[in-house]
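Enquirer: fold the stuff below for me.
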Amino acid sequence: MTRPAPEVLAELAALRDADPPTHGGRVLAYVYDHGRPELDRLAEQAATAFLPVNGLDPTTFRSVAVLERALVARGRALLGGDDEVVGSVTSGGTESCLLAVKAARDLWRGADPARAVGRAVLVLPTTAHPAFHKAAAYLDLDVVAVPVDVASGRASATGLLAALDEAGERAALVVVSAPSYPFGVVDPVAEVAAGAAARGVACHVDACIGAFVLPWWGDVEPWDLRVPGVTSLSADLHKYGYAPKGASLVLHRGRDRHRAQYFATTAWPGYPVVNPTVLGSRAAGSMAAAWAVGEALGDDGYADLVSRTRTATATVRAAVDACPGLRVVGEPTGPLLAVADDGGVDPFRLVDALRGHGWLAQCQPAMTQPDGTVLPRTAHLTLTAVTADVADTLARDLRRAADEVRGAVPATPDPTLVERVLTQGLPVEVAGVMATLEALPAEVVRPALVAVLQAAIDPGPVGG
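Expert: Below you'll find the predicted structure:
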């Protein structure tokens, strides 16, 4: 059955109306809003122009090669890379990180024929993005997660290098973040990279969040490709590069390392297949939009957006610092804040109270690290340039939300919740949900999470 275009578009608009607002600064996770409508229009027009183009073969669609080359060159220049730094545009940070792991694993295997059947080890802080755990699961590596400092949320260079020593010849890659997502803290990149280089181990900097913020943030310790020993770096164009989803960069020091992320085969009767990324066919629209936004902004435009973001972050940070019962974990560098209980305000209940004032923040469960220390449950706030327009309102509502839940019993686990969520969907208030997930053992919570997400997209019985 065919449907008229206006009817189809109206249904799509109705679906979007039910989503949280992606513009205006009210959603403090998932989206990155520059607050400049003209950039949205530019990105839309650029993406539309490239909708039919297939990035699978840049020798056929040569425009793709031009755009990708320009985006890699821009990232290299911004992040301190020399002529030996090359890379690719990917669909997002997860793919960028996975490709960095693949390159490290394959080079580790190639260094010694005896390693061809061995399992490499990936060493990372407990705050490293789950993309690296996913990469290890897909690519058959073992993960060694090293505890971070509970007070600061910062990785321990000593701990990471000790883990490399323990892994010995199996160590293929160590990961550091600039900054980490949970606490917004830049890890000790220079110390870890130098130690890894001395041991002959690759070092990846996950700068998916920070790459288009930290260059203009101010006084930041060395963290990018200027640091000796850093062999690869991931940088999301669709975060603070303010491009539409999904576009990211993975940059490698050395063309051999970049080639190690490729897949090529002639083992079929069709065309020769050469893929630089996980994807075969690649949407060129996001690449074109990322290029267009970067060209329109330039360094001065990004500097202005970062300045606005830093001002907004300072306003919100000051509000948290002045609010009884709340504290920011550590000393974050950049626009991510993790708000913890400092005596009487449960972060999970705070997130629910903020929702009542029209803000969407994110719950981060407590985590017991391998050494038994516990990272606190927190409320996560991602602040962007548009937050500058609403920072005073957000600061006021943070105080109001904290007042509303101060002294309330912290959210506790509900043994019946998992079954109810599977049959009835997620409740509006998430404190109990997050407390339950926090308390359940991993072997229980992971299948439960899969079941919830699977149920959300299950079309149900045929004809039902």
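
Enquirer: CA only for contacts and neighbour counts going forward, please
Expert: Noted.

Enquirer: what helix or strand is Val250 on?
Expert: strand 248-253 (DSSP states H and E).

Enquirer: what are the contacting residues of that strand?
Expert: 71-72, 75-76, 81, 84-93, 96-97, 99-100, 208, 230-238, 258 (CA atoms under 8 Å, 6 or more residues apart in numbering).

Enquirer: of those residues, which belong to strands?
Expert: Of the contacts of strand 248-253, the ones assigned to strands by DSSP state E are Val85, Val86, Gly87, Ser88, Val89, Thr90, Ser232, Leu233, Ser234, Ala235, Asp236.

Enquirer: got a winner among those residues for most neighbours?
Expert: Ser234 (34 neighbours; other CA atoms under 10 Å).

Enquirer: closest to Pro222 among the ones in strands among the contacts of strand 248-253?
Expert: Leu233 (13.4 Å; CA to CA).

Enquirer: now that closest one: closest residue in space, sequence neighbours ignored.
Expert: Val205 (4.7 Å; CA to CA, 6 or more residues apart in numbering).

Enquirer: got the domain boundaries for this structure?
Expert: The chain breaks down into these domains under automatic domain parsing: 46-292, 417-457.

Enquirer: tilt between the helix or strand that Arg69 is a member of and strand 85-90?
Expert: Counting by DSSP H and E, the element that carries Arg69 is helix 62-78. With axes from the mean of the first three to the mean of the last three CA atoms, to 10 degrees defining the directions, helix 62-78 sits at 130 degrees from strand 85-90.

Enquirer: distance from the chain centre to helix 62-78, please.
Expert: Helix 62-78 sits 21 Å away from the centroid of its parent chain (CA atoms, centre = their mean, to the nearest Å).

Enquirer: if we can go back for a sec, what mean pLDDT does the strand holding Val250 get?
Expert: Across strand 248-253, pLDDT averages out at 98.

Enquirer: which parts of that strand are buried?
Expert: Ser248, Leu249, Val250, Leu251, His252, Arg253 (16 or more other CA atoms under 10 Å).

Enquirer: how much space separates the first one from Gly55?
Expert: According to CA to CA, to the nearest Å, Ser248 stands 14 Å off from Gly55.

Enquirer: next one: the second one
Expert: To Gly55, Leu249 is 15 Å away according to CA to CA.

Enquirer: relative to Pro269, which of the buried residues of strand 248-253 is nearest.
Expert: Using CA to CA, these come closest to Pro269 at Val250, 31.3 Å.

Enquirer: find the nearest non-adjacent residue to that closest one, please.
Expert: Nearest to Val250 is Ser234, by CA to CA, 6+ apart, at 4.6 Å.

Enquirer: go ahead and confirm the one you found touches Cys97.
Expert: Yes: between Ser234 and Cys97 a contact is recorded at 6.4 Å, counting by CA atoms under 8 Å.

Enquirer: overlap in contacts of the two?
Expert: Going by CA under 8 Å, 6+ apart, residues that sit against Ser234 and also against Cys97 are Asp206, Val250.

Enquirer: so for Gly61, what's the pLDDT?
Expert: You called it Gly, but residue 61 is Phe. 88.

Enquirer: any idea how far it lies from Gly246?
Expert: 20 Å.

Enquirer: more crowded one of these two?
Expert: Gly246 (20 against 14).

Enquirer: residues near the residue nearest to that one when sequence neighbours are not counted, how many?
Expert: Counting by CA to CA, 6+ apart, Ser91 is the residue found nearest to Gly246 once chain neighbours are left out, at 4.8 Å. Other residues lying near Ser91 total 22 when counted by other CA under 10 Å.

Enquirer: likewise for Ala135?
Expert: Neighbours around Ala135, by other CA under 10 Å: 22.

Enquirer: is it in contact with Ala100, as I believe?
Expert: No: with contacts counted by CA under 8 Å, Ala135 stays clear of Ala100, the gap being 9.1 Å.

Enquirer: list the buried ones in the lowest-mean-pLDDT helix or strand in the chain?
Expert: One helix or strand of the chain scores below all others by mean pLDDT, DSSP states H and E: helix 417-424, with a mean of 72. Neighbour-count burial for helix 417-424, with 16+ other CA under 10 Å as criterion, is recorded at Leu417, Val418, Val421, Leu422.

Enquirer: mind listing the strands for the stretch 51-200 of the chain?
Expert: 85-90, 121-125, 142-146, 171-177 (DSSP state E, counting those that start in this stretch).

Enquirer: and the ones you listed, which is most packed in?
Expert: strand 171-177 (a mean of 28; mean count of other CA atoms under 10 Å).

Enquirer: same question for that strand, mean pLDDT?
Expert: Here the average pLDDT along strand 171-177 is 98.

Enquirer: which residues sit against that strand?
Expert: 101, 104-105, 108, 120-125, 128, 155, 160, 164, 185-189, 192, 196, 201-207.

Enquirer: report the distance from the longest helix seen in the chain to the chain centre.
Expert: The residue-count maximum for a helix in the chain (DSSP state H) belongs to helix 285-321. Here helix 285-321 is found 16 Å from its chain centre; the criterion is CA atoms, centre = their mean.

Enquirer: try stretch 183-192
Expert: 16 Å.

Enquirer: one more: stretch 85-102?
Expert: Using CA atoms, centre = their mean, the offset of stretch 85-102 from its chain centre is 12 Å.

Enquirer: who touches it?
Expert: So stretch 85-102 is contacted by 68, 71-73, 76, 131-132, 134-136, 139, 173, 204, 206, 208, 232-236, 238, 245-255, 258, 260-261, 276-278, 287 (CA under 8 Å, 6+ apart).

Enquirer: then stretch 375-387?
Expert: Counting by CA under 8 Å, 6+ apart, 24-25, 28-29, 32-35, 150, 153, 182, 240, 305-309, 312-313, 335-341, 347-348, 350-351, 361-369 sit against stretch 375-387.
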